[in-house]
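A.B. asks: Using only what follows, build the 3D model:
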Amino acid sequence: MGQNIKTITDNITFLPASEGPLSADVYFIKGKERTYIIDVGSNDEALNLVEATENKTVIITHFHEDHASNLKRIEIDDSDLLVGDYTKKVYNKGTLIKEPALINDGVTIKVFAIANSHAKGSLCVTVNDEYLFIGDSYYCSAKGYNVSLLHDEIEFLRDLVFTKVICSHEEKIYTKEEIIKELEECYSKREAGNPYIKLW
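C.D. replies: You can find the predicted model right below:
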């Protein structure tokens, strides 16, 4: 793999996000038979790493270009590409994930749709019921956090089995308790009659 690859565990590595062009973190999870790639980024280094990976399944957390625009340049069968509904709409490729999907391949990978304020049709991924790859779903949009979506996201995360959280564009690994507490603090700032919570 490329020289910029960083290691999380023996079987989880990632290419860190870049600023120019803006490209999200790209994660590689090594299974027994296949490699599972979360997001494909937008820059050439991400493209080259994804293309050089054989026997791959790609999971796109959401449609934003820094996470997904390399889909335009990658040849991949729909059966090897898992996407949420809005990513499917934007890129017109992949297998749509609406219900939770389970993959057992020496690692246990679960793919879920996740309500959030950042991007419609987002997915998140758990690995071995330990790591949660949440993409950008932890973040809000330019309008702030949508009160209803934030409520649903907090409830979903409470029920989901994981202990550590990996957010794109950050190298810090959060605990489940930290991420839920921060989102609950945001939710506590809601105001009657206002559908959005602005923190600035």
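
A.B. asks: In space, not sequence, find me the middle residue of the chain.
C.D. replies: G135 (2.8 Å; Cα atoms, centre = their mean).

A.B. asks: nearest spatial neighbour of that one, skipping sequence neighbours?
C.D. replies: If the residues on either side of it in the chain are set aside, G135 comes closest to T61, at 2.9 Å by Cβ to Cβ, 6 or more residues apart in numbering. Bear in mind the C-beta positions are built from the backbone N, C-alpha and C, glycine included.

A.B. asks: ok so, going back, looking at the residue nearest to the centre of the chain now. What's its pLDDT?
C.D. replies: G135 carries a pLDDT score of 98 in this model.

A.B. asks: My read is that it contacts G121, right?
C.D. replies: No. Contact criterion Cβ atoms under 8 Å: G135 and G121 do not qualify, at 11.2 Å.

A.B. asks: Overlap in contacts, those two.
C.D. replies: By Cβ atoms under 8 Å, 6 or more residues apart in numbering, G135 and G121 have these common neighbours: H62.

A.B. asks: hmm, back to that, secondary structure element for the residue nearest to G135?
C.D. replies: Applying DSSP states H and E as the criterion places T61 outside every helix and strand.

A.B. asks: Please renumber the chain so that the first residue is 776 from this point on.
C.D. replies: In the new numbering, first residue 776, that becomes T836.

A.B. asks: Please name the residues that touch it.
C.D. replies: By Cβ under 8 Å, 6+ apart, the contact set of T836 is 813-814, 842, 859, 897-900, 908-912, 943.

A.B. asks: got it, and L790?
C.D. replies: G777, N779, I780, K781, D800, V801, F803, G816, E820, A821, L824.

A.B. asks: Give me the buried entries from these.
C.D. replies: Neighbour-count burial within these applies to D800, V801, F803, G816, E820, A821, L824; the criterion is 16 or more other Cβ atoms under 10 Å.

A.B. asks: one step back: who does the residue nearest to the centre of the chain bridge with?
C.D. replies: Using DSSP bridges, the bridge partners assigned to G910 are C942.

A.B. asks: okay, and for the chain, where does confidence drop off?
C.D. replies: By pLDDT under 70, the weakly predicted segments of the chain are 776-778.

A.B. asks: where along it do the helices fall?
C.D. replies: 819-827, 840-843, 860-866, 922-934, 951-962 (DSSP state H).

A.B. asks: In a markdown table, list these along with distance to P796.
C.D. replies: Below are the helices of the chain laid out as a markdown table (distance: least, Cβ to Cβ, whole Å):
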| stretch | distance to P796 |
| --- | --- |
| helix 819-827 | 9 |
| helix 840-843 | 8 |
| helix 860-866 | 18 |
| helix 922-934 | 28 |
| helix 951-962 | 28 |
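
A.B. asks: Which residues are in contact with S844?
C.D. replies: Applying Cβ under 8 Å, 6+ apart, we find S844 in contact with V815, G816, S817.

A.B. asks: between those, which is nearest K873?
C.D. replies: Using Cβ to Cβ, V815 is the member of the contacts of S844 that lies nearest K873, at 21.2 Å.
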